[in-house]
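> this one's structure only:
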């Protein structure tokens, strides 16, 4: 089976490319009020400069979480991870909309591979409060320093 | 025999490696993985390296001088590479540091053990680089392992990259191979490294990515996952525009500034009998697709392994960083590569560790303890 990478992965040369269709995500946390600093979830160091991407947040804590996405698809997911190794996300990394890692630096293994795949990754991320609930619509902005993760009101 | 006997010289090299290792580790950080117990296997393998590599190196260097072994790394397809040379010195030093913390270093034998390891490293590293330097850190972030004749073969096999999307596809396919190489080798750099920047055709700057040992015969755990891969060694070359800032370190990590800089050309090659042979782009794309499938299979296999099995597998990969040197000397099959052997006294403790303390670049304490 040819992996449909050219359909599933946002093309870095097309910053406005929409997130590809995927399985129906769980309901996101509804936001009220205008967007602003209160929606800031985390800051960190971008693995590389990248255009903003949006996706549904998913905290991945163990191998079973990755195996589940291997079955259902990881497109449109912004994954929250604690480990900066390259292997934990290996089979789904290319498909993800973005990665937020609470450890590591742009030289960490997951940052290296994310950069080559063109998947935005925020390294050494620090959350302003608890990470969002799974399914929350988030925006990962790695276009500047620091990089930022924000919650987004569902349209 | 290249063993160093001068204690002051040994201390000098210990401090030298400590400065560089600290800087590299602080820059990267984070040795944790939810899939693979990286910290335990590193510590176990490093203790094994300190306790076993000196004797193994005596066998290796009796069969071939370190200079010849290091120089063999300049041949396409060789696994004597920058990360294994870095590891030749640093894995025993890390193991020694673990033992030093536990009060288990024999001060009467420490200098001899380090003298063997560091003497072999220095001779091999200089011959590998052949530029008067010993490490990339000494040379401003340059790793030139290939001679102009090799680069000429690579340049002749490059294909123009016509638009950014094509460049992105090349990068993603190369990333698929790198990702799989990380998984095959349990998150170590054993399977892929970048070197360069090299001068390329038309003023371009080349990064050469060697992906070695991802085929079915690489490790016991690749027999099934990699069964469909027609090749186990692939080299990918990216030609960047002149003026692109590129550095490489001795872990095989390249930094390109600006990141995602447009490619002028790219190519895939196979090392065959010491030369690089071009691989048609469509064949490379097919291989990358097959690698993605193999990665999904291997991930499931590793996920099904017990924690102890993953630790032992990672330790085997790490301890085997010395193996290409033995192979280059023709004594690979005379040495015992199994682990654990010499770390059983500490194995229960080390296998339970989840992570190591964070490394600070400005820490004034020696990264590696000096001789007692």
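That came in fine, so what should we check first? Computed from a predicted model, the values in this text were never measured in an experiment.
> can you list the low-confidence ranges for chain A?
Where chain A drops to pLDDT under 70, the residues are A:1-38.
> which stretches of it form helices?
Ranges of helices within chain A are A:5-8, A:63-72, A:109-117, based on DSSP state H.
> export those as TSV, with columns for mean neighbour count.
(Glycine included, C-beta is placed from N, CA and C.) Output for those, formatted as TSV (neighbours: other CB atoms under 10 Å in any protein chain shown):
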stretch	mean neighbour count
helix A:5-8	15
helix A:63-72	16
helix A:109-117	27
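> contact partners for the closest residue to residue B:200 other than its chain neighbours?
Excluding its sequence neighbours, the residue lying closest to residue B:200 (CB to CB, 6 or more residues apart in numbering or on different chains) is residue B:206, at 4.1 Å. Going by CB atoms under 8 Å, 6 or more residues apart in numbering or on different chains, residue B:206 touches B:151, B:154-155, B:196-200, B:237-240.
> swap in residue B:318?
Counted by CB under 8 Å, 6+ apart, residue B:318 has contacts B:41-42, B:45-46, B:49, B:87, B:91, B:188, B:190.
> the same query, at a cut-off of 7 Å, please.
B:41-42, B:45, B:91, B:188 (CB atoms under 7 Å, 6 or more residues apart in numbering or on different chains).
> before we move on, the earlier item: redo the helices of chain A as TSV? Include distance to residue B:127.
Listed next are the helices of chain A as TSV, based on distance: least, CB to CB, whole Å:
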stretch	distance to residue B:127
helix A:5-8	41
helix A:63-72	42
helix A:109-117	28
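> out of those, which gets nearest to residue B:312?
helix A:63-72 (17.9 Å; CB to CB).
> show me what that closest one is in contact with.
Residues contacting helix A:63-72 (CB under 7 Å, 6+ apart): A:23, A:60, A:77, A:88-89, A:91-92, B:34-35, B:296, B:303.
> before we move on, what about stretch B:106-118?
With CB under 7 Å, 6+ apart, stretch B:106-118 has contacts from B:3-5, B:7, B:10, B:13-14, B:50, B:53-54, B:57-58, B:88-89, B:92, B:371-372.
> in that stretch, what's buried?
B:110-111, B:113-118 (16 or more other CB atoms under 10 Å in any protein chain shown).
> what segments of the stretch 201-350 of chain B are helices?
B:222-225, B:281-304, B:307-319, B:323-328, B:347-352 (DSSP state H, counting those that start in this stretch).
> distance to residue B:160 for these - can I get that in JSON lines?
Shown next, in JSON lines, are those (distance: least, CB to CB, whole Å):
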{"stretch": "helix B:222-225", "distance to residue B:160": "34"}
{"stretch": "helix B:281-304", "distance to residue B:160": "11"}
{"stretch": "helix B:307-319", "distance to residue B:160": "37"}
{"stretch": "helix B:323-328", "distance to residue B:160": "35"}
{"stretch": "helix B:347-352", "distance to residue B:160": "51"}
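> can you put those in TSV and add mean pLDDT and distance to residue A:141?
Listed next are the helices of the stretch 201-350 of chain B as TSV, based on pLDDT from 0 to 100; distance: least, CB to CB, whole Å:
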stretch	mean pLDDT	distance to residue A:141
helix B:222-225	93	37
helix B:281-304	96	28
helix B:307-319	96	35
helix B:323-328	98	43
helix B:347-352	92	39
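> of all those helices, which one comes closest to residue B:73?
helix B:323-328 (8.0 Å).
> so how far is that closest one off the chain centroid?
With CA atoms, centre = their mean, to the nearest Å as the basis, helix B:323-328 stands 14 Å off its chain's centre.
> just to revisit the earlier point, so how do I select the buried members of the contacts of helix A:63-72 in ChimeraX?
Entered in ChimeraX, the line below selects the buried ones among these, by 16+ other CB under 10 Å:
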select /A:60,77,88,89,91,92 /B:34,35,296,303
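> residues contacting residue B:175?
A:113, A:116-117.
> 10 Å instead?
A:5, A:93-94, A:112-119, B:209, B:236, B:288 (CB atoms under 10 Å, 6 or more residues apart in numbering or on different chains).
> same deal with residue B:145?
Neighbours of residue B:145 in contact, by CB under 10 Å, 6+ apart: B:73-76, B:78, B:80-82, B:85, B:128-131, B:193, B:195-196, B:198, B:208, B:210, B:248.
> if we go to 7 Å?
Per CB under 7 Å, 6+ apart, neighbours of residue B:145: B:73-74, B:81-82, B:128, B:195.
> could you do residue B:252 as well?
B:82-83, B:189, B:192-194.
> okay, and the beta partners of the nearest residue in space to it that is not next to it in sequence?
With sequence-adjacent residues excluded and distances taken as CB to CB, 6+ apart, residue B:252 is closest to residue B:193, at 2.6 Å. Counting by DSSP bridges, residue B:193 is bridged to residue B:210.
> also residue A:43?
residue A:126, residue A:148.
> could you give the number of residues near it?
Neighbour count for residue A:43, taken as other CB atoms under 10 Å in any protein chain shown: 17.
> do the same with the one 3 residues further on
Residue A:46: 24 surrounding residues under other CB under 10 Å.
> distance check, the closest residue in space to residue B:17 that isn't next to it in sequence against chain A.
Nearest residue to residue B:17 in three dimensions, chain neighbours excluded: residue B:89, at 5.4 Å (CB to CB, 6+ apart). Separation of residue B:89 from chain A (CB to the nearest CB, to the nearest Å): 20 Å.
> my guess is residue B:89 meets residue B:122, correct?
No: applying CB atoms under 7 Å as the test, residue B:89 and residue B:122 come out as separate, 8.2 Å apart.
> pick out whichever of those two has more residues nearby.
residue B:89 (26 against 21).
> how about the contacts made by the more buried one?
Applying CB under 7 Å, 6+ apart, the residues near residue B:89 are B:17, B:117-118, B:121.
> follow-up on the earlier one: name the helix or strand for the residue nearest to residue B:17, please.
helix B:82-101 (DSSP states H and E).
> that helix: how far from the chain's middle?
That offset, for helix B:82-101, works out to 13 Å (CA atoms, centre = their mean).
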